[in-house]
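> Make a model of this:
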Amino acid sequence: MYDFADKVVLVTGGATGIGRASALAFGRRGAFVVIAGRRRAEGQQAVEALAEIGATGRFVATDLTQPAEIEALHRTIVSDHGRLDVAFNNAGYQEPRAPLAEQEPGLYDRVFDTNVRSVYLCLQHQVRQMVAQGGGAIVVNASVSGLRNPNPGLALYSASKAATISLTRSAAMEYADKGVRINGVAPGRVVTDMMLGSKIMDMSAVAAGLPLRRMGRPEEVAEAVVWLASDAASFIVGHVLNADGGFMAL
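Numbers count the residues shown, from 1 in each chain. Predicted coordinates:
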């Protein structure tokens with residue numbers, strides 16, 4: 001039920017962090033993994049990491065804030081591989097921490113273009129292809145910040161992730177009866193470049209505030225993503241799975 005042999009899997013923002021861990025997790029289970037994002041060097045390194053574990057994949061340089069590049073990405077996948085079985089819409093951006101009134105107006109576009117519009121456009125291309133081919137599974141990377149804002153200074157990020165969660169659930173209801181399962185994953189305190197760049201000075205204090213008393217690892221979220229995309233989760237639709245070390249239970 002966790003076998004992705006002969007499956008084509010897309011991971012956006014797959015060069016680093018949760019995306020990279022998820023790409024490797026799919027690759028270990030037999031998938032051909034398409035990694036998309038702007039970080040060319042890191043993307044190629046992720047493809048090399050796939051090869052090191054005996055998996056196959058490719059990197060497609062894509063700016064997920066550009067609609068034309070999103071369209072080209074999905075057109076390339078279908079043209080070269082004939083199908084798209086799984087998509088993990090993972091690319092995201094978090095603004096520099098600052099009170100709402102002190103944030104630059106242009107940040108709104110960057111945050112929402114990356115975290116909401118890109119997911120909206122990716123979903124459009126993905127569901128069209130998956131309906132045409134007879135089915136598929138999509139996972140969207142949200143955040144516990146979209147369910148409960150745990151941090152002052154990240155109003156745009158939190159608002160965008162709340163919108164992403166609503167978008168995910170709406171799409172799930174529209175396409176469930178057409179063979180496309182759509183779910184979300186909501187990571188909590190996970191050690192990634194984004195987390196390390198968020199100006200949280202005392203990581204040990206953050207970890208101590210979680211029920212597990214530790215931060216999460218990208219690989220732990222990746223396992224949740226793989227499960228949601230697998231046949232083991234065949235009855236799971238429109239769900240947002242908290243991979244948060246118990247944060248939302250507090």
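> C-alpha only now, for contacts and for neighbours.
OK.
> The chain: strands as residue ranges?
All strands of the chain, identified by DSSP state E, fall at 8-12, 32-37, 56-61, 86-89, 136-141, 180-187, 240-243.
> Let me have the ones you listed in CSV, extended by mean pLDDT.
Output for the strands of the chain, formatted as CSV (pLDDT from 0 to 100):
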stretch, mean pLDDT
strand 8-12, 98
strand 32-37, 98
strand 56-61, 98
strand 86-89, 98
strand 136-141, 98
strand 180-187, 98
strand 240-243, 97
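> got the ones you listed as JSON lines, with mean neighbour count and distance to residue 224 columns?
JSON lines is the format used below for those (neighbours: other C-alpha atoms under 10 Å; distance: least, C-alpha to C-alpha, whole Å):
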{"stretch": "strand 8-12", "mean neighbour count": "27", "distance to residue 224": "14"}
{"stretch": "strand 32-37", "mean neighbour count": "25", "distance to residue 224": "17"}
{"stretch": "strand 56-61", "mean neighbour count": "20", "distance to residue 224": "21"}
{"stretch": "strand 86-89", "mean neighbour count": "26", "distance to residue 224": "11"}
{"stretch": "strand 136-141", "mean neighbour count": "26", "distance to residue 224": "10"}
{"stretch": "strand 180-187", "mean neighbour count": "27", "distance to residue 224": "7"}
{"stretch": "strand 240-243", "mean neighbour count": "22", "distance to residue 224": "7"}
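> will you turn the ones you listed into a markdown table that also has distance to residue 170?
Output for the strands of the chain, formatted as a markdown table (distance: least, C-alpha to C-alpha, whole Å):
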| stretch | distance to residue 170 |
| --- | --- |
| strand 8-12 | 21 |
| strand 32-37 | 25 |
| strand 56-61 | 28 |
| strand 86-89 | 15 |
| strand 136-141 | 12 |
| strand 180-187 | 9 |
| strand 240-243 | 12 |
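> beta partners of the spatially closest residue to residue 81 that is not a sequence neighbour?
In space, and not counting its chain neighbours, residue 81 is closest to residue 8: 7.4 Å by C-alpha to C-alpha, 6 or more residues apart in numbering. Counting by DSSP bridges, residue 8 is bridged to residue 32.
> who's in contact with the residue nearest in space to the middle of the chain?
Centroid-nearest residue in the chain, with C-alpha atoms, centre = their mean: residue 90, separated by 2.0 Å. By C-alpha atoms under 8 Å, 6 or more residues apart in numbering, the contact set of residue 90 is 11-14, 18-19, 140-141.
> Residue 14 now?
By C-alpha under 8 Å, 6+ apart, the contact set of residue 14 is 20-23, 35-37, 43, 46, 90-91.
> In TSV, list these along with distance to residue 72.
TSV is the format used below for those (distance: C-alpha to C-alpha, whole Å):
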residue	distance to residue 72
20	21
21	24
22	23
23	20
35	14
36	11
37	13
43	17
46	21
90	18
91	16
